[in-house]
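A.B. asks: Need a 3D model of the following:
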Amino acid sequence: MIEKLYHYSTEDETAVEKIIMDDNVHYIHMVFNKDKGLPEHFSNSNVYMTIIRGVLSIQLDDQDIHKYSKGDIIQIPYQTKMNVKNLHEEVLELIVIKAPAPPHYQAK
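C.D. replies: Numbers count the residues shown, from 1 in each chain. Modelled structure (predicted):
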């Protein structure tokens, strides 16, 4: 078999699944219920977030919270402060792609 097959959860429980973590790309599936999200952190690569369902509430650096919904793809530059949350009733589901993979960046 030439291709490699990956799976991700189709459940509604909060999860952060690191699906592909290789030298080229990090591909992460995330599911957050209301009031769940990630700890505040700085992006360690160029980050691309695809909203599969729900509403993403995200604060970047010192901006106000912006909201993005199903069908939106946002790009977040390297070393941007991120605060990622689901502030809504509907389950939030995201695909996060980091490219290039974080090991390509030198620590500052």
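A.B. asks: Without its sequence neighbours, what residue ends up closest to the residue positioned nearest the centre of the chain?
C.D. replies: Centroid check for the chain by C-alpha atoms, centre = their mean gives residue 96 as the closest residue, at 3.6 Å. Leaving aside its sequence neighbours, residue 96 sits nearest to residue 28 (C-beta to C-beta, 6 or more residues apart in numbering; 4.3 Å). Backbone N, C-alpha and C define where each C-beta goes, glycine included.
A.B. asks: for residue 2, helix, strand, or coil?
C.D. replies: Using DSSP: H, G, I helix; E, B strand; the rest coil, the structure places residue 2 in coil.
A.B. asks: Burial check on it, number of neighbours?
C.D. replies: 3 (other C-beta atoms under 10 Å).
A.B. asks: just the strands in this protein please.
C.D. replies: Along the chain, the segments classed as strands by DSSP state E run 15-21, 26-32, 41-42, 47-53, 55-60, 66-69, 73-76, 81-85, 92-98.
A.B. asks: Columns distance to residue 6 and mean pLDDT on top of the ones you listed, output as a markdown table?
C.D. replies: Converted to a markdown table, those look like this (distance: least, C-beta to C-beta, whole Å; pLDDT from 0 to 100):
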| stretch | distance to residue 6 | mean pLDDT |
| --- | --- | --- |
| strand 15-21 | 5 | 96 |
| strand 26-32 | 8 | 98 |
| strand 41-42 | 24 | 96 |
| strand 47-53 | 16 | 98 |
| strand 55-60 | 23 | 98 |
| strand 66-69 | 25 | 98 |
| strand 73-76 | 20 | 98 |
| strand 81-85 | 22 | 98 |
| strand 92-98 | 12 | 98 |
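A.B. asks: Arrange those strands in CSV, one row each, with distance to residue 9 as further columns.
C.D. replies: As requested, the strands of the chain are exported to CSV (distance: least, C-beta to C-beta, whole Å):
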stretch, distance to residue 9
strand 15-21, 5
strand 26-32, 7
strand 41-42, 22
strand 47-53, 12
strand 55-60, 18
strand 66-69, 21
strand 73-76, 21
strand 81-85, 18
strand 92-98, 10
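A.B. asks: quick one, which of those strands is nearest to residue 8?
C.D. replies: When these are compared by C-beta to C-beta, strand 26-32 sits nearest residue 8, at 4.1 Å.
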